[in-house]
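Colleague: Next input, structure requested:
(one chain, ligands or ions: 2)
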Amino acid sequence: MTLPHPTTSIGQTEEKRIVIKLTDVWKSFGKLDVLQGMSFEVEAGQTYVIMGGSGVGKSVTLKHIIGLLKPDRGGVLVDGQHVPNLDKQELMALRRKTGYLFQSGALVSWLTVFENVALPLREHGHLTEGEIRERVLERIHLVELEHAADQLPASISGGMKKRAGLARTLVTQPEIVLYDEPNAGLDPIMSETINRLILSVQDRYRVTSVVVTHKIACAYTTGDVLALIDKGKVVAQGTPNEMQRSTHPLVRRFLGGID
Ligand SMILES: Nc1ncnc2c1ncn2[C@@H]1O[C@H](COP(=O)(O)OP(=O)(O)OP(=O)(O)O)[C@@H](O)[C@H]1O
Ligand SMILES: [Mg+2]
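Modeller: Numbering: from 1, shown residues only. Ligands and ions are numbered 1, 2, ... in the order given. As a prediction, the model looks like this:
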């Protein structure tokens, strides 16, 4: 993998810089209260892992960070800017520097795996066809999908779709990456490969990431800070070590293998 230019100087990353900050975010859909005082912050270069039961608002939280959903109230700051206040151009700039791995994979059904991965480069970039090809093949190689580059999404497995989505998320070398269940539906070996990939992206590019996962191995491997959300807010958070020692019943249920 070729190394891109670091987005911040070493001097800047040494001091604590908050890249993502949610402050008392509330969001309802009709009568359904989903986010109920969601607050957390992610420092530059950190990986913040969100765990929690199905339907507690994990994906909804990620969608607020990229401006796909607007809070009813509360602050959603990315690089110091309140996302709901961004105009169209500023929102596009935010999305250019942010990779979002959708839970569903969200591949375009009529494009091959190669063309799906190339899509963000064609939309945003000014790269030549040769440069696009080089970057796309490099990412496809990272997720071990060389053999499927010319296939359509309908003819590949769920896990392969997930990996294609991951290749597409990383193809623009984003500064911020939001992963929604990066290894759901993958076998243990591929799951481990993806965990290592997330880790190496974090190390090499110093990206700031939020990872939503149900997999304990993914949380422990990739996370600097682990958070557990319930009823629309963070109920416990800490380093992997702190969480391992936590006596909070929900933390024990998620991380302790009880249940
Ligand atoms: N656009 C929407 N309109 C209406 N309801 C929504 C919308 N998006 C999410 N919801 C509802 O909000 C709740 C939280 O959804 P969310 O997708 O964040 O869950 P989740 O924590 O990611 O769960 P899972 O682990 O199953 O992916 C769910 O009840 C869902 O049906
Ligand atoms: Mg979800």
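
Colleague: so which residue of the stretch 101-250 of the chain comes closest to ligand 1?
Modeller: Q103 (5.7 Å; Cβ to the nearest ligand atom). Where C-beta positions appear, they are placed from N, C-alpha and C, glycine not excepted.

Colleague: Pull the contacting residues for L107.
Modeller: For L107, the contacting residues are 113, 116, 153, 161, 164-165, 168, by Cβ atoms under 8 Å, 6 or more residues apart in numbering.

Colleague: who's in contact with the nearest residue to it once chain neighbours are set aside?
Modeller: Spatial nearest neighbour of L107, excluding adjacent residues (Cβ to Cβ, 6 or more residues apart in numbering): P153 at 4.2 Å. By Cβ under 8 Å, 6+ apart, the residues touching P153 are 105, 107-109, 111, 113, 116, 161, 164.

Colleague: Now that we have these, which of them are buried?
Modeller: For these, a burial check counting by 16 or more other Cβ atoms under 10 Å picks out 105, 107, 113, 116, 161, 164.

Colleague: Please, which helix or strand holds the last one?
Modeller: Pointing back at A164 there. Applying DSSP states H and E as the criterion places A164 in helix 158-170.

Colleague: any idea how far that helix is from the chain center?
Modeller: Remark: helix 158-170 is offset 12 Å from the chain centroid, using Cα atoms, centre = their mean, to the nearest Å.

Colleague: C-terminal to it, what's the next element?
Modeller: Counting by DSSP H and E, the element after helix 158-170 in chain order, helix or strand, is strand 176-180.

Colleague: Give me the contacts around the next helix or strand after that following strand.
Modeller: Once strand 176-180 ends, the next helix or strand along the chain (criterion: DSSP H and E) is helix 188-205. Where contact means Cβ under 8 Å, 6+ apart, the residues beyond helix 188-205 that reach it are 1, 3-4, 6-7, 45, 47, 142-144, 159, 163, 166, 170, 173, 175, 177, 179, 182-183, 186, 207, 209, 211, 215, 217-218, 221-222.

Colleague: Report the buried members of those residues.
Modeller: Buried members of the contacts of helix 188-205, counted by 16+ other Cβ under 10 Å: 7, 45, 47, 142-143, 159, 163, 166, 170, 173, 175, 177, 179, 182-183, 186, 207, 209, 211, 215, 218, 221-222.

Colleague: So which of the residues you listed would count as near ligand 2 as well?
Modeller: Among the buried ones among the contacts of helix 188-205, no residue lies close to ligand 2 (Cβ under 5 Å from the ion).

Colleague: need the contact list for the residue of the stretch 151-259 of the chain found nearest ligand 2.
Modeller: Nearest residue of the stretch 151-259 of the chain to ligand 2 (Cβ to the ion) works out as D180 at 5.9 Å. Going by Cβ under 8 Å, 6+ apart, D180 touches 58-59, 62, 100-103, 212.

Colleague: repeat that for 7 Å
Modeller: D180 sits next to 59, 62, 101-103, 212 when contact means Cβ atoms under 7 Å, 6 or more residues apart in numbering.

Colleague: how close does it sit to K162?
Modeller: 10 Å (Cβ to Cβ, to the nearest Å).

Colleague: just F29 next, same as before
Modeller: Distance from F29 to K162, by Cβ to Cβ: 26 Å.

Colleague: just L91 next, same as before
Modeller: Counting by Cβ to Cβ, the gap from L91 to K162 is 26 Å.
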